[in-house]
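Enquirer: give me coordinates for this.
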Amino acid sequence: MSLSIKETTSIKLDKEAKERAKVIFKELGITMGDAFNMFLSQVNLHKGIPFEIKIPNDTTKQLIKEARLGKNVEDFSFDEINK
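Expert: Numbering: from 1, shown residues only. Sure, this is the predicted structure:
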């Protein structure tokens, strides 16, 4: 049985995303470090990012651009999309 050697590292994170994630990790009973170690284990297992990453097509790029400008965006609730 081998013991894992821990190492401290420094990374720059989006502050709001980090704080929201910390709430979720707390509910799951894990630390931020645990979560990152799980992510790294999955990267090694999959030999790449463990989820799909795509470059959006031209239509999607245009919709993202419009949404960022507040165009063609309607208010909705998550209850509406979860029906």
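Enquirer: C-alpha only now, for contacts and for neighbours.
Expert: Noted.
Enquirer: burial count for residue 66?
Expert: Other residues lying near residue 66 total 13 when counted by other C-alpha atoms under 10 Å.
Enquirer: and it, what helix or strand is that in?
Expert: Per DSSP states H and E, residue 66 falls inside helix 58-68.
Enquirer: ditto for residue 6
Expert: Secondary structure here is read from DSSP H and E; on that basis residue 6 sits in neither a helix nor a strand.
Enquirer: let's see the pLDDT reported for it.
Expert: Note for residue 6: predicted pLDDT of 87.
Enquirer: for it, give its distance to residue 25.
Expert: In this structure, residue 6 and residue 25 are separated by 20 Å, where distance is defined by C-alpha to C-alpha, to the nearest Å.
Enquirer: those two - which one has more neighbours?
Expert: A count of neighbours by other C-alpha under 10 Å puts residue 25 above the other of residue 6 and residue 25, at 16 against 6.
Enquirer: contacting residues for the more buried one?
Expert: For residue 25, the set of contacting residues under the criterion of C-alpha atoms under 8 Å, 6 or more residues apart in numbering consists of 31, 32, 35.
Enquirer: ok, the second one - how many residues close by?
Expert: Taking other C-alpha under 10 Å as the neighbour definition, residue 32 ends up with a count of 15.
Enquirer: likewise for the first one?
Expert: Other residues lying near residue 31 total 16 when counted by other C-alpha under 10 Å.
Enquirer: secondary structure element holding the closest residue to it other than its chain neighbours?
Expert: The shortest distance from residue 31 to any residue that is not its chain neighbour, by C-alpha to C-alpha, 6 or more residues apart in numbering, is 6.1 Å, and that residue is residue 25. Element membership of residue 25 [criterion: DSSP H and E] is helix 15-28.
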